[in-house]
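Visitor: Could you look at this predicted model? Sequence included:
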Amino acid sequence: MSETLKLIKVSEIFSNVSYEVPIYQRNYAWGIDQIEQLIDDIETANSDYFIGNLIVNQKDNNVYEVIDGQQRLTTLFLLERYLGMTFSKDALRFEAREKSNRTLAALPDMTQLIEELQSDEIKEGYKIISDYFKKTGLDKTKFIERLHHVNIIRVQVPAKIDLNHYFEIMNTRGEQLELHEIAKANLMGQLTSPRAKKIAKDIWEYCSNMDAYVQMNFPSDKRKQIFTEDWSDLSPKINSFKALEDSYDETSDKEEARSLQDIIDNKPTATIEKQDETDENERFEAIVSFPNFLLQVNEAITRTNNDDDASLDDKNLLANLARNWESEQVAKDFFFTLLKARVIFDKYVLKREYARDYKETGKWSLQQLKKYVDHKNSAKPQYLSTFGEEADKDNTNASISNKQLRTLQSALRITYTSPKTMHWISLILANYLKNEEYDILKSLEQYAASKVKDSQYKIKSGFGFDRIVFTYLDYLLYREGFSYQGETIVTPLADDWQFQFRSSIEHFYPQHPSEQAKWPDASLNSFGNLALITVSGNSTFSNAMPIGKASTNPGIIEQSLKLRIMAAMMRKNNSQWTEDLAKEHQAKMFDILSENI
């Protein structure tokens, strides 16, 4: 391999070299999903594993300016620092960002830096790595050995290149051929007629935009042909790919989908027709990407009772999908199932919604799309609670079911953050593909309860508790409410509480108290002294005493209903959080879990 393309072992990427992230690059921004996915990919990879490209511009002898790949490179730096690997402190630097540089140089011990001099982004990234190793029990020595088999290609851009021009080329034409595009070409290759290819191409293109309801991705004429009058579902007559072939408008049949060679040659494809409802569509965000949705559909087709993470691992996308291009009829069946599953997904799987008071932060949303006609007699989309909250205001049970289901799904979403562990989605798809009368709420409660039971939570401690134990408990508290000594601490199905992206186990009584004696490990790491909160919330709490945490940071307390109860119990105990109180709290929480699993 030439010097412009150099294959480097990840374990040696920072050896005798320095990387500089220029000021025009954005700050470090990877969160829990990306960091845990990277660690998991390295841990589960077979044999030698290629982790991607690092594009650089050589500034001096062994000094490189990072052009593309800085998020992954920074994460690898944090990971190798956590593992105790040895290399220069200035192996990675950020131009004109001294907080980031000081924090990187201080790792692994950031206590030598005062809070104001630390980079929150770098600190949180390091803590996510630390927490993940603790909760999964990964062996550091074995993981370092894995890094010897993980490779990255360092791409050196030509000398004296116009970097601005290079960025433009990279952003517009530099995307690599993705596995799902190869899968599309293989599926399309089984189809023989131009008509079938046109229909399949449309299904693929319109389903691939995950952040809008699929009905609104279709042009209005196609929408009328294949969906019900109110747009809420596929038309009853559209029950197979053949039905699509019989019903689809013939006006555009001459246009065929791109071949694999077209994709490789980077030939342009037709753009999806713009809809008047563009602003409406921008308000939603799907919880999985399109490649993972393909895997979810594939798993739903042959789902068993056992969750197999390999079936949702995008590294195995082509191998997992290969059976769907064994013949023309199998490929047609997959395209139709893809469309049907996408309608089910939009209706029954939650999204993030960015509108009104939540336009910036987003909120969990479980809504179905239906058509309404405005005063100008124009058809427009509207979004109603899937189980009838707005459609039937007198139906209290429908309202409760929607809130419960939305909250339960959000609990599962923040628990199983890696796309390859989101088997609860394929569970929903599989059952609705078979049975429209499926009891989704009961099914997901049973699924979550089984995960809690399998975790053997009663014999765990500290970081050994699975996240599902905390999140399902908070869901049960949300569903049932909770009272203590005659006071209602949690109101059932309260409208003002929702799950946040929480991943950090918090010790309410701190592990390293500065003011009082340390608790024995058994009490300190008991379930009664723990709660699940955000990484930033955990950093804010630091080693403060419980009363200080509750009084100065009520917003963090509210992240967990379990933690809200702990704070209320403390308040009723003369503002003292004791070992006996933690023991009492654990007993009450375990009783709630036992009654429901």
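Guide: Okay, I see it.
Visitor: Can you tell me the centre-most residue of this protein?
Guide: Thr417 (4.6 Å; C-alpha atoms, centre = their mean).
Visitor: mind checking the SS state of that one?
Guide: coil (DSSP: H, G, I helix; E, B strand; the rest coil).
Visitor: Report pLDDT for it.
Guide: pLDDT for Thr417: 91.
Visitor: Contact partners for it?
Guide: Residues in contact with Thr417 (C-beta atoms under 8 Å, 6 or more residues apart in numbering) are Ile32, Asp33, Glu36, Phe501, Ser503. Quick note: C-beta positions are derived from backbone N, CA and C, even for glycine.
Visitor: Now pLDDT too, for those residues, in CSV please.
Guide: As requested, the contacts of Thr417 are exported to CSV (pLDDT from 0 to 100):
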residue, pLDDT
Ile32, 92
Asp33, 89
Glu36, 93
Phe501, 90
Ser503, 87
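Visitor: what does the longest strand anywhere in the chain contact?
Guide: Counting residues, the longest strand in the chain under DSSP state E turns out to be strand 49-60. The contact list for strand 49-60 (C-beta under 8 Å, 6+ apart) reads 10, 13, 19-20, 38, 41-42, 64-69, 72-73, 149-157, 159, 161, 163, 170.
Visitor: 7 Å - rerun?
Guide: 10, 42, 64-69, 72-73, 149-157, 163 (C-beta atoms under 7 Å, 6 or more residues apart in numbering).
Visitor: how close does the residue nearest to the centre of the chain get to Asp202?
Guide: 32 Å (C-beta to C-beta, to the nearest Å).
Visitor: how is this protein carved up into domains?
Guide: The record's domain parsing of the chain by automatic domain parsing lists 5-173, 179-353, 455-596.
Visitor: Could you report the neighbour count for Val452?
Guide: By other C-beta atoms under 10 Å, the residues close to Val452 number 21.
Visitor: In contact with it: list those residues for me.
Guide: For Val452, the contact set (C-beta under 7 Å, 6+ apart) comprises Ile468, Val469, Tyr472, Leu593, Ile597.
Visitor: try 6 Å this time
Guide: By C-beta atoms under 6 Å, 6 or more residues apart in numbering, Val452 lies in contact with Ile468, Val469, Tyr472, Ile597.
Visitor: And Tyr438, by the same measure?
Guide: Tyr438 sits next to Asn431, Tyr432 when contact means C-beta under 6 Å, 6+ apart.
Visitor: On the pLDDT front, check it for me.
Guide: pLDDT for Tyr438: 89.
Visitor: And for Asn281?
Guide: pLDDT, Asn281: 56.
Visitor: Leu73 now?
Guide: Here the pLDDT value assigned to Leu73 is 95.
Visitor: and the closest residue to Ser455 other than its chain neighbours, how far is that from Leu477?
Guide: Nearest non-adjacent residue to Ser455, counting by C-beta to C-beta, 6 or more residues apart in numbering: Asp466, 4.1 Å away. Distance of Asp466 to Leu477, given as C-beta to C-beta: 17 Å.
Visitor: So for those two, which residue has more residues nearby?
Guide: Ranked by neighbour count (other C-beta under 10 Å), Asp466 and Leu477 place Leu477 first, with 21 against 18.
Visitor: Neighbours of Lys6, how many?
Guide: 14.
Visitor: That one sits in which helix or strand?
Guide: Here Lys6, judged by DSSP states H and E, is contained in strand 5-9.
Visitor: Can you tell me the strand partners of that strand and which way each runs?
Guide: Here strand 5-9 has these sheet partners by DSSP bridges: strand 150-156 (antiparallel).
Visitor: List the buried residues in the strand it pairs with.
Guide: Val150, Asn151, Ile152, Ile153, Arg154, Gln156 (16 or more other C-beta atoms under 10 Å).
Visitor: quick check: angle from that strand to strand 49-60?
Guide: 30 degrees (axes from the mean of the first three to the mean of the last three C-alpha atoms, to 10 degrees).
Visitor: Could you pull up the mean pLDDT of strand 150-156?
Guide: Here the average pLDDT along strand 150-156 is 86.
Visitor: May I have that strand exported as PDB, CA atoms only?
Guide: Taking C-alpha atoms only, strand 150-156 is exported to PDB below (Å, rounded to 0.1, in the frame of the first residue of the first chain):
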ATOM      1  CA  VAL A 150      -8.400  -3.600  14.100                       C
ATOM      2  CA  ASN A 151      -7.200  -1.500  11.200                       C
ATOM      3  CA  ILE A 152      -7.700   2.000   9.900                       C
ATOM      4  CA  ILE A 153      -6.600   3.400   6.500                       C
ATOM      5  CA  ARG A 154      -4.900   6.800   6.800                       C
ATOM      6  CA  VAL A 155      -5.400   8.600   3.500                       C
ATOM      7  CA  GLN A 156      -2.900  11.300   2.800                       C
END
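Visitor: any idea which helix or strand comes after the helix or strand harbouring Thr540?
Guide: Assigned by DSSP H and E, Thr540 belongs to helix 535-541. Proceeding N to C from helix 535-541, the next assigned helix or strand is helix 546-552, under DSSP H and E.
Visitor: Determine how far whichever helix or strand comes after that following helix lies from the middle of the whole chain.
Guide: Next helix or strand after helix 546-552 toward the C-terminus (DSSP H and E): helix 554-557. Offset of helix 554-557 from its chain centre (C-alpha atoms, centre = their mean, to the nearest Å): 24 Å.
Visitor: again with stretch 356-371
Guide: The chain centroid and the centroid of stretch 356-371 are separated by 18 Å under C-alpha atoms, centre = their mean.
Visitor: what do you get for stretch 585-594?
Guide: 29 Å.
Visitor: contacting residues around that stretch?
Guide: Contact partners of stretch 585-594, identified using C-beta under 6 Å, 6+ apart, comprise Leu473, Leu476, Ser526, Phe527, Gly528, Met566, Met569.
Visitor: Tell me the buried residues in it?
Guide: Buried residues in stretch 585-594 (16+ other C-beta under 10 Å): His585, Gln586, Met589, Phe590, Ile592, Leu593.
Visitor: How about stretch 112-123?
Guide: So for stretch 112-123, counting by 16+ other C-beta under 10 Å, buried means Leu113, Gln118, Ser119, Asp120, Glu121, Ile122, Lys123.
Visitor: quick one: pLDDT of the closest residue to the fourth one other than its chain neighbours?
Guide: What it means is Asp120. Distance criterion C-beta to C-beta, 6+ apart; nearest residue to Asp120, sequence neighbours excluded, is Ser536 at 7.1 Å. Reported pLDDT at Ser536 in the predicted model: 88.
Visitor: before we move on, what about Leu405?
Guide: Confidence score, pLDDT, at Leu405: 96.
Visitor: With the one 3 residues further on instead?
Guide: pLDDT, Leu408: 97.
Visitor: now Asp357
Guide: Predicted confidence (pLDDT) at Asp357: the value is 80.
Visitor: Is it correct that it falls within a helix?
Guide: Yes - under three-state DSSP, Asp357 sits within a helix.
Visitor: Tally up the residues packed near it, please.
Guide: Neighbourhood size, Asp357 [other C-beta under 10 Å]: 7.
Visitor: any idea how far it lies from Ala494?
Guide: Going from Asp357 to Ala494 by C-beta to C-beta gives 17 Å.
Visitor: Any chance of TSV for the contacts of stretch 585-594, columns neighbour count, secondary structure and distance to Lys237?
Guide: Converted to TSV, the contacts of stretch 585-594 look like this (neighbours: other C-beta atoms under 10 Å; DSSP: H, G, I helix; E, B strand; the rest coil; distance: C-beta to C-beta, whole Å):
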residue	neighbour count	secondary structure	distance to Lys237
Leu473	24	helix	46
Leu476	25	helix	43
Ser526	22	coil	60
Phe527	24	helix	54
Gly528	24	helix	58
Met566	28	helix	56
Met569	20	helix	59
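Visitor: now, which of those residues sits nearest Ile238?
Guide: Ile238 lies nearest to Leu476 out of the contacts of stretch 585-594, by C-beta to C-beta, at 40.0 Å.
Visitor: confidence score at the closest one?
Guide: At Leu476, pLDDT is 98.
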